[in-house]
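[1] 3D, please:
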Amino acid sequence: MKILEYLKKPIIAAVLSGVGGILLGLIWGWVIQPVEWKDAPPSLLNVGYQEQYLRMAIDSFGVNGNTQLAIQRYQDLGSAGPTLLMTIQANPGKQNPVTIMNFSNLVQPVSVIGTPTPSGTPAPPGTSSRLVSYGIIVFAILAVGGVGFALYKFLGPRLSRRGGEGTPAQQANRLSKQTELTDYASRGEEAPIAQFVTTYVLGDDLFDDSFGIDSPSGEFLGECGVGISETIGIGDPKKVTAFEVWLFDKNDIQTVTKVLMSSHAYNDVATLQRLETKGEPILVEVGKQLVLETAALQLMAKVSDVEYGQGALPDSSYFERVTLELAIWPKVTASE
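    Have a look, this model is predicted:
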C-alpha cells in the first residue's frame, strides 16, 4: 500500500516514468531490435579477418590475374593494408611466395586510400566507442534520477500542502472515516437505529451532507443532514461561520433545525439575532451535544472535532474543520 501511495505523488511518478522510459529504450535498442550490420567494408573487420581477406585476395589474383580487382581489394583494407601485406610476406604459410611477390609489386606503388563507410550504413562501434556509449547512458540515468530526487526534496512538501492530500471534500471524507463512532450499547444505553459522521473542511464551498433514516425493517422514516448556514468575509474559499443541523420526519409537518455557530458569530449580537430565525443557536465546542426532536424521531448531534481558520478575519470567526456525529433513535411516546 505504501508503494501505491508513493506512486500517487507527481514527482515520484515522473522520475520513475523517466527512468523506466530510458531502461525500456535500452532494452528495445540493444536486445529486442538491435542494429544489424550489413555490407561493412574489410577495413572495419577484425585484424585476423582482415589478414584472411588479404590472403584470399592474393590467391584470387594468382588464379585470374585481374590486376584492377586486386588493387581494389587491397584498397578496401584502408590503412591496414601495408602492415598486413608485410605480415603475409614474412609468413607466407601454404601460399605461393611468387604470387605474394607479384601481388606486392602490383599494389605497393598504389597509395592506400581509406575506404569510407557506405552511405546509409553506420560503422559498428569499437570497444572504446561502446565504453563511451555505456558511460553516456549511465550518466543520463544518474542525471535523471538526481534531478528527480532534487525536485522531489524541493517541491514535494509544497505539492503535498497544495493538493497532495486531495480536494477538501476528499479530505473531509477521509476524516469522517477515521472518526470513531460512539458505542452507546457498551455504555448501557439503547443503540441508535442510524449513525452518521460528516466533516466540513475549509474550501468545500458546496458542503451539504444529508442522510436517509430507515427503520431496522427497512422502512423509510425521514432524513437528516448538515449544511452551510452563514459565511463571513469575502473571497474564495468561503469562510463558514455557522452550520445548520436539520431533521426531517415523514410523520411531521415541519423540519426541525438548529444552528451551530462559531464563537465570534455567537457573541456578535447582530449575527446571533439574524440566525435565530433559522433555528436555536448553539455555540460550537468540542464534545457539545445538541438534540433535535420531531413527532417520531430524536437526533443527537455531537461535535467531535473543531478547528478554527487563521487569517485576517477576527479570531474564532470561521471554521477550518468541523466533524459532527449524528445518532438517531425512534422517539418513545407516552403510550409506548
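[2] show me what contacts Ser17?
    For Ser17, the contact set (C-beta atoms under 8 Å, 6 or more residues apart in numbering) is empty. Quick note: C-beta positions are derived from backbone N, CA and C, even for glycine.
[3] would it count as being in a helix?
    Yes: Ser17: assigned to a helix according to DSSP: H, G, I helix; E, B strand; the rest coil.
[4] per-domain residue ranges of the protein.
    2-36+124-164, 42-107, 171-330 (automatic domain parsing).
[5] ranking those by mean pLDDT, which is last?
    Ranked by mean pLDDT, those bottom out at domain 2-36+124-164, with a mean of 67.
[6] where exactly do the strands run in the stretch 1-150 of the chain?
    Assigned by DSSP state E, counting those that start in this stretch, the stretch 1-150 of the chain shows no strands.
[7] for it, which segments count as helices?
    Using DSSP state H, counting those that start in this stretch, the helices of the stretch 1-150 of the chain run over residues 2-7, 10-27, 47-64, 67-75, 81-90, 97-107, 127-159.
[8] so which of those comes closest to Asp305?
    Nearest of these to Asp305, taken as C-beta to C-beta: helix 2-7 at 23.7 Å.
[9] if we can go back for a sec, which one of the helices of the stretch 1-150 of the chain lies closest to Asp214?
    The nearest among the helices of the stretch 1-150 of the chain, by C-beta to C-beta, is helix 2-7 at 35.3 Å.
[10] helix, strand, or coil at the closest residue to Phe243 other than its chain neighbours?
    Once flanking residues are discounted, Phe243 sits nearest to Leu260: 4.5 Å by C-beta to C-beta, 6 or more residues apart in numbering. Using three-state DSSP, the secondary structure recorded for Leu260 is strand.
[11] neighbours of Leu260, how many?
    28 (other C-beta atoms under 10 Å).
[12] what helix or strand does the closest residue to Thr198 other than its chain neighbours sit in?
    Leaving aside its sequence neighbours, Thr198 sits nearest to Asp209 (C-beta to C-beta, 6+ apart; 4.2 Å). In this assignment (DSSP states H and E), Asp209 forms part of strand 208-214.
[13] report the backbone C-alpha coordinates of the helix or strand that comes right after that strand in PDB.
    Counting by DSSP H and E, the next helix or strand C-terminal to strand 208-214 is strand 220-232. Taking Å, rounded to 0.1, in the frame of the first residue of the first chain, the C-alpha atoms of strand 220-232 are listed here in PDB:
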ATOM      1  CA  PHE A 220     -38.200   5.000   5.300                       C
ATOM      2  CA  LEU A 221     -38.600   7.200   8.400                       C
ATOM      3  CA  GLY A 222     -37.000  10.500   7.300                       C
ATOM      4  CA  GLU A 223     -33.800  12.400   6.700                       C
ATOM      5  CA  CYS A 224     -31.200  14.400   8.500                       C
ATOM      6  CA  GLY A 225     -28.200  16.500   7.500                       C
ATOM      7  CA  VAL A 226     -25.800  19.400   7.900                       C
ATOM      8  CA  GLY A 227     -25.200  22.300   5.600                       C
ATOM      9  CA  ILE A 228     -23.700  25.800   5.500                       C
ATOM     10  CA  SER A 229     -25.900  28.400   7.100                       C
ATOM     11  CA  GLU A 230     -23.700  31.600   7.200                       C
ATOM     12  CA  THR A 231     -20.400  32.800   5.900                       C
ATOM     13  CA  ILE A 232     -18.200  35.800   6.800                       C
END
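[14] how big is the angle separating the helix or strand following strand 220-232 from strand 208-214?
    The helix or strand immediately downstream of strand 220-232 is strand 239-249, counting by DSSP H and E. Interaxial angle, strand 239-249 versus strand 208-214 (axes from the mean of the first three to the mean of the last three C-alpha atoms, to 10 degrees): 20 degrees.
[15] how about the closest residue to Asp208 other than its chain neighbours, what does it touch?
    If the residues on either side of it in the chain are set aside, Asp208 comes closest to Gly227, at 4.1 Å by C-beta to C-beta, 6+ apart. The contact partners of Gly227, taken as C-beta under 8 Å, 6+ apart, are 207-209, 243-244, 246.
[16] are any of those residues buried, and if so which?
    By neighbour count, with 16 or more other C-beta atoms under 10 Å, the contacts of Gly227 hold 207, 209, 243-244, 246 as buried.
[17] any chance of these in TSV, with distance to Ala14 too?
    Below are the buried ones among the contacts of Gly227 laid out as TSV (distance: C-beta to C-beta, whole Å):
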residue	distance to Ala14
Phe207	33
Asp209	36
Phe243	40
Glu244	44
Trp246	46
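[18] what's the closest of those residues to Gln33?
    The nearest one, if we look at those relative to Gln33 and count by C-beta to C-beta, is Phe207, at 55.6 Å.
[19] surely that closest one is in contact with Ser229?
    No: shown here, Phe207 and Ser229 do not form a contact pair, counting by C-beta atoms under 8 Å, at 10.7 Å.
[20] ok, and what's touching the one helix or strand Lys177 maps to?
    Following DSSP H and E, the helix or strand that holds Lys177 is helix 168-178. Applying C-beta under 8 Å, 6+ apart, the external contacts of helix 168-178 come out as 165-166, 197-204, 206-207, 237, 305, 321, 323.
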